[in-house]
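Peer 1: sequence plus the predicted model coming up.
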Amino acid sequence: MVNSPALAMFMVCGATAGLASASAAPGSSGLEFLHQQEASIVGEKGPVCLKGVNLGNWLLNETWMMGMWRDGDPKDQWQMEQLLAERFGAAEKDRLMEVFRENWIRPRDFEIIKSWGFNVVRLPFNCTLLQDDTAPDQLRPDAFHWLDAAVEMATRTGVYVILDMHGAPGGQSTDQCTGHIGQNKLWEPANRKRAAFLWRKIAEHYRNSPTVAAYDLLNEPFFNYKRENNDATLVATMDQLIHAVREVDQRHLILCAGSLRGILMYGPPAARGWENVGYTEHFYPGVYGGERTTDTHARFMSHDLRATAELLRQWKVPYLAGEFNVVFAKAGGAAMMRRYYDILCEYGWAATMWSYKLVKHDGGAQTDSWYMVTNHDPLSLPEFRSASKDEIEGFFRSLGTMEYAQNEALRAALTSPEAPALTLREYPIIPGPAPQEVLPGGWKSGDVGGPFLAGGQRAVGGNGVDVFGSGRDVFEGNDECHFVWQDVGDHFDLVANVTPPFDTHTYAKAGLMYRASLKADAPIVMVCLLPDGTCSFAFRREAGARITETGMPVARAIKMLRLVRNHAHFEATALDADGKPLATQSADLPEFATGTGEMGMFVLSHDPILLSKALFRNIQFGR
């Protein structure tokens, strides 16, 4: 719990009393306007390192952050509001939601954030604060009440605000963090028009506020979480929103979020005519993807962050690490979080961890956590389907006055003059560009699917070839890889010694592949290795279909791969160093019975901004 006369005065004043205009004159807040200067975020006095936290669950409810894990608990804000309205009526629902917002974040919270050495908050908000779905062509009468409250509290404390549309009209994915699970309808023209209208109004309202550091246009625009290519739709939507902002505000930095496919589809902002625009992404290694180990983070820092930094330097574009959290102590915990903040600041990036506050049934800060502060004492969380209105309102009011337990280990790590000791493995990367040697023996080469980084090859003594490849993957019907091949008919036999691919990602791949054509969605058959030596046999029967995969569980002993075709019958074999078969898989694929195509060797990095490679030796090709 934090107690001080200053905080007591703030509590008396309240979060919304006497709010100053959000359109205050530049400089009146004590904060200076920020903008892009090549790859940096700068103010009047030079580069600014924005370091802070997300104010999650305040202006868009993520009910898991209030301990709502039980069966029957509302799973998103829409369900929570529907339940309150059904039980108590629409007017009382609105009043209860106002009580919640008055108490989840108050001036004391900004003081705590400032005391941790932070100078920015990312403010997730739901578009429903500004606009009712029943009146999509206008603002609510009190549209800016809570955004103004946040900006005012930040101004008093000397903290910047990044405005983050966490829930867009219709929803930008199917996730609960949009405020309404299962929608994914932002991409419809009417909802895109609504989003553009809202951003124009937001920019018009805050165009003279130096406290607002940036406009984060869309949180996690992940569509339906499938790996299909929605790049064109996302880029067009961002362009529409950017133009809406620029109609009224040339001054504020705009941030465009990456999709599940990253930020490569945007290219340099200048090439699209976008000015004062940066990019933003979220990352949770070891939480969503990868093992919960320090090594997972070491590889991410060495590979992904380093490659992203080089890309942004070339593009001259600033960057926000909008959400991240190590969470688990065994993955480095507080010390790893300090390492992230230090590295991100070294790159000149803004950084806001997820999240500031979370409440739960049991009291006290725990080792594996998502928060800076939580409830100090055990908390009785009401069941919204059965609790009385007074019980729910009492719970909401308690959120503003409860004693906090701060995450002291994290606070100490982030505020200490010296970073906690943390030894991490350094992972090398393959510097580009890839070699482009012409290979003897009739081999052809090229990239499939247009990966961002061009692959290549070079001859190696002893009938060998190093193959370099970038590309996301070959499993989802839109392949990206580097391919070295020869034209073949309905009989062939290719065998080669193969090293596992350079470890750019758990799912980097190298192996032998038959393709019905060089189109990215072509039917294929392949046998491949992953970096850990794991082997699999896989095929795509029809253009654009997802791969069917069968494992060949003899990892690490495999030194050779073989792929044989006899009309519609394909057989893959993994062999040891002496040529002894270790595992075999086969498939009869009548779709391929009479087709010709290309047969050869492929490599992909599974990380679009890194190169992987594999060495193929003793290549024997029969037809």
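Peer 2: Perfect, I can see it now. Numbers count the residues shown, from 1 in each chain.
Peer 1: any figure for the gap between residue 514 and residue 306?
Peer 2: Separation of residue 514 from residue 306 (C-beta to C-beta, to the nearest Å) stands at 35 Å. Bear in mind the C-beta positions are built from the backbone N, C-alpha and C, glycine included.
Peer 1: in the longest strand seen in the chain, what's buried?
Peer 2: The single longest strand within the chain, with elements called by DSSP state E, is strand 612-622. By neighbour count on 16 or more other C-beta atoms under 10 Å, the buried set for strand 612-622 is 612-617, 619, 621.
Peer 1: closest to residue 510 among those?
Peer 2: Residue 510 has its nearest neighbour among these in residue 614, at 3.3 Å by C-beta to C-beta.
Peer 1: is the residue nearest to that closest one when sequence neighbours are not counted bridged to anything, and to what?
Peer 2: In space, and not counting its chain neighbours, residue 614 is closest to residue 510: 3.3 Å by C-beta to C-beta, 6 or more residues apart in numbering. Residue 510 has these beta-bridge partners by DSSP bridges: residue 529, residue 603.
Peer 1: quick revisit: out of the buried residues of strand 612-622, who's nearest residue 83?
Peer 2: Nearest member of these to residue 83, counting by C-beta to C-beta, is residue 612, at 49.5 Å.
Peer 1: without its sequence neighbours, what residue ends up closest to the closest one?
Peer 2: Residue 612 sits nearest to residue 605 (C-beta to C-beta, 6+ apart), 3.8 Å away.
Peer 1: isn't that neighbour up against residue 474?
Peer 2: No: in this structure residue 605 lies outside contact range of residue 474 using C-beta atoms under 8 Å: 11.7 Å.
Peer 1: look at these two and report which has more neighbours.
Peer 2: Using other C-beta atoms under 10 Å, the more surrounded residue of residue 605 and residue 474 is residue 605, with 35 against 27.
Peer 1: wait, what's in contact with that one?
Peer 2: 453, 469-471, 501-502, 504-505, 508, 611-612 (C-beta atoms under 8 Å, 6 or more residues apart in numbering).
Peer 1: report pLDDT for it.
Peer 2: We have a pLDDT of 96 for residue 605.
Peer 1: same check, this time on residue 287
Peer 2: 96.
Peer 1: ok, residue 23 next?
Peer 2: Note on residue 23: pLDDT of 39.
Peer 1: coming back round to it: out of the contacts of residue 605, who's the most crowded?
Peer 2: Of those, with other C-beta under 10 Å as the count, residue 469 tops at 34 neighbours.
Peer 1: if we can go back for a sec, so can I have a markdown table of the buried residues of strand 612-622 showing distance to residue 243 and pLDDT?
Peer 2: Output for the buried residues of strand 612-622, formatted as a markdown table (distance: C-beta to C-beta, whole Å; pLDDT from 0 to 100):
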| residue | distance to residue 243 | pLDDT |
| --- | --- | --- |
| 612 | 38 | 97 |
| 613 | 42 | 98 |
| 614 | 45 | 98 |
| 615 | 49 | 98 |
| 616 | 49 | 98 |
| 617 | 54 | 96 |
| 619 | 53 | 96 |
| 621 | 54 | 94 |
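Peer 1: run through this protein and note the low-pLDDT ranges.
Peer 2: 1-29, 227, 555 (pLDDT under 70).
Peer 1: just want the most central residue of it.
Peer 2: In the chain, the residue lying closest to the centroid (C-alpha atoms, centre = their mean) is residue 282, at 3.4 Å.
Peer 1: residue ranges for the strands of the stretch 501-623 of the chain, please.
Peer 2: Along the stretch 501-623 of the chain, the segments classed as strands by DSSP state E, counting those that start in this stretch run 509-515, 524-529, 535-540, 548-552, 560-566, 569-575, 581-588, 597-604, 612-622.
Peer 1: meant to ask about the stretch 101-250 of the chain, not that
Peer 2: 120-126, 160-167, 212-216.
Peer 1: thanks again, I'm all set now.
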